[in-house]
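Enquirer: Fold the stuff below for me.
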Amino acid sequence: QFAVMLNTANEFGTAAFNGQQRWLEIAIRPSGSSDPFTVVDPRQPLTATPFASFAANAGTLNGQNAAYYTNAANLTGTLSDARLSTNVARLSGGGVQVFSGVVQMTSPSNILAGIGSQITSINADFISSGTLSEPRLPPSVAFRSAANTFSAANTFTNAFNSFTGIGTGLTSLTASKIATVKLSDARLSANVPLESTANTFTGANTFSNPANSFSGIGTGLINLNASNLVTGFVADARMSTNVPLKSSANVFTQSNSFASVGAGVGSNPVEKPLHVSTEARIGYLATPHMDLSTNTINAFSANNTPAALNLNSQVNGEVFLAMNGTAHVRVLQVHGADLAEKFPFTGEKPQPGMVVMIDADNPGNLEIAQGEYNTHVAGIVSGANGLPAGTILGNLPNSEDHPAIALSGRVWVYADASNGPIKAGDKLTSSNTPGHAMKATDRDRSDGSVIGKAMTELTEGRGMVLVLVNLK
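Expert: Sure thing, here's the model as predicted:
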């Protein structure tokens with residue numbers, strides 16, 4: 001058995017089932033087949049069920065079902081007042097109407113007439129025309145034509161506000177708001193100084209205007225700040241006895257430094273920060289000559305012959321002390337670590353810390369050391385790792401650029417640990433790495449090639465070792 005739904009999409013039209021006899025033709029074919037349908041014979045008559053469906057549609061009005069007419073939007077005509085709910089407001093009649101909900105009338109044409117009894121909670125912001133009469137205003141509203149008492153704080157910001165009368169009762173007035181006219185002297189406090197009166201200031205006062213002027217003898221003025229004196233001169237009589245005067249003999253008991261042009265000995269005018277004339281005499285039997293343009297001081301003996309001292313501060317920016325004779329000192333303290341001498345070099349100029357040797361082909365010259373156990377080793381270039389030389393010999397003419405070679409003392413040396421780890425106390429000699437030292441392990445070959453003893457370690461590779469230079 002099977003059921004068939006007909007005209008569900010109105011495919012046969014609205015008048016397909018009008019009570020006349022109808023038959024159903026059925027055609028079949030196997031599922032999934034595309035063969036033509038086979039018509040089943042005979043056709044099947046439609047029984048009472050379609051007519052029952054037709055009978056259900058008999059309740060429609062003008063082709064519309066009942067739900068169509070339950071929608072008020074589909075109604076035409078006018079409902080009488082009797083058919084309206086009691087909640088519907090009438091335009092006329094019906095007596096007094098009470099609105100218990102929120103009612104908004106937004107059209108400007110809305111008009112309310114009557115005395116307004118029981119209309120409450122009206123918002124004054126929406127009163128846009130007309131004028132309230134004075135009887136309708138509360139007593140807290142001030143009237144321009146009446147005497148008003150303001151018990152709260154009020155601010156009048158309009159520049160055209162004006163007040164008349166004697167001002168009785170006005171208190172806590174702000175003087176900063178007085179913009180015109182002047183207060184009379186009688187209205188000023190006794191603490192206000194007047195120009196035409198002798199005034200006594202008991203508090204601290206600051207007069208910052210350059211136009212301020214003071215006249216009189218200044219009696220009673222104390223704690224004046226001299227740094228504020230910008231014109232005029234203080235008389236010698238007012239100066240402290242500790243102030244030296246140019247026209248007096250002055251004794252200085254403390255150390256003084258003259259950092260500007262103005263100190264001279266036997267010289268006029270003073271042209272240098274310290275200007276000593278060649279005619280001046282300092283100490284006994286000496287007439288020094290100072291040439292500050294070259295920062296040089298030369299001392300002369302009593303017969304004006306050059307003495308043994310020359311001090312010059314322009315040699316490579318350092319102080320240079322030259323002695324024409326023999327210097328005798330009790331103890332000479334030198335800030336440095338080794339005794340070095342300048343030598344001319346052949347070939348590449350060595351770097352501080354390199355081992356050097358005697359150049360047999362150029363007498364007096366040195367060169368970078370090469371070969372292990374080299375008996376020509378002469379020392380180590382001073383100054384490596386920021387350790388300066390203590391004393392440098394060989395400052396001969398044209399030797400300014402010659403490297404200083406440490407002959408004794410402590411220096412840092414380039415070292416190579418390929419011949420064995422270097423420990424403190426090991427003897428060092430030249431190596432096959434140019435300019436580098438190594439550990440001396442062959443006692444027979446060490447004689448004459450040792451440059452000193454290691455003071456630090458180098459376990460592997462290449463690096464710097466502190467060495468106590470001792471050629472043997």
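
Enquirer: Asp359 versus His376, what's the distance?
Expert: Separation of His376 from Asp359 (Cβ to Cβ, to the nearest Å) stands at 8 Å. For the C-beta atoms, the positions are set from N, CA and C on the backbone; glycine is no exception.

Enquirer: Spell out the residue ranges of the helices in the protein.
Expert: 48-56, 443-446 (DSSP state H).

Enquirer: Which of the ones you listed has the lowest mean pLDDT?
Expert: Across these, helix 48-56 has the smallest mean pLDDT, namely a mean of 50.

Enquirer: you'd agree Gly371 is up against Pro434?
Expert: No. Judged on Cβ atoms under 8 Å, Gly371 makes no contact with Pro434 at a distance of 9.0 Å.

Enquirer: Pull out the buried positions in stretch 234-252.
Expert: Neighbour-count burial for stretch 234-252, with 16 or more other Cβ atoms under 10 Å as criterion, is recorded at no position.

Enquirer: start to end distance for that stretch?
Expert: 22 Å (Cα to Cα, to the nearest Å).

Enquirer: same thing with stretch 145-164?
Expert: 13 Å.

Enquirer: what do you get for stretch 242-256?
Expert: Stretch 242-256 end-to-end distance (Cα to Cα) = 13 Å.

Enquirer: Please work out the average pLDDT along that stretch.
Expert: For stretch 242-256, the per-residue pLDDT averages 80.

Enquirer: Now do that stretch: distance to the chain's middle.
Expert: Using Cα atoms, centre = their mean, to the nearest Å, the mean C-alpha position of stretch 242-256 is found 51 Å from that of the whole chain.

Enquirer: repeat for stretch 436-451
Expert: Centroid separation for stretch 436-451 versus its chain: 61 Å, with Cα atoms, centre = their mean.

Enquirer: List the residues that contact the nearest residue to Val355 once chain neighbours are set aside.
Expert: Take Val355 and drop its neighbours on the chain: the residue closest to it by Cβ to Cβ, 6 or more residues apart in numbering is Ala369, 4.2 Å away. Shown in contact with Ala369 (Cβ atoms under 8 Å, 6 or more residues apart in numbering): 354-357, 376-377, 430, 434-435.

Enquirer: Kindly report the same for Val39.
Expert: Applying Cβ under 8 Å, 6+ apart, the residues near Val39 are 25-27.

Enquirer: Which of those has the largest number of neighbours?
Expert: The most crowded member of those, judged by other Cβ atoms under 10 Å, is Ile26 (14 neighbours).

Enquirer: which residues pair with it across the strands?
Expert: Val40 (DSSP bridges).

Enquirer: where does the protein have low pLDDT?
Expert: Where the chain drops to pLDDT under 70, the residues are 1-3, 48-63, 66, 69, 93-95, 116-118, 218-220, 257-325, 327.

Enquirer: So for it, the centremost residue is which one?
Expert: When Cα atoms, centre = their mean is applied to the chain, the residue found nearest the centroid is Ser208 (35.6 Å).

Enquirer: State the distance from that one to Asn228.
Expert: For Ser208, the distance to Asn228 - Cβ to Cβ - is 11 Å.

Enquirer: Likewise for Gly336?
Expert: 54 Å.

Enquirer: Between those two, which has more neighbouring residues?
Expert: Taking neighbours as other Cβ under 10 Å, Gly336 and Asn228 compare with Gly336 leading, 16 against 6.

Enquirer: Report the spatially closest residue to the more buried one, excluding sequence-adjacent ones.
Expert: Gly390 (2.7 Å).

Enquirer: So the one you found sits against Val334, correct?
Expert: Yes. Gly390 is within contact range of Val334, at 4.2 Å (criterion: Cβ under 8 Å).

Enquirer: backbone phi and psi for Thr8, please?
Expert: phi -70, psi -30 (degrees, to the nearest 10).

Enquirer: Check the burial of it by counting its neighbours.
Expert: 6.

Enquirer: all strands of the stretch 201-350 of the chain, in order?
Expert: All strands of the stretch 201-350 of the chain, identified by DSSP state E, counting those that start in this stretch, fall at 263-265, 274-276, 289-291, 296-300, 306-315, 318-323, 338-342.
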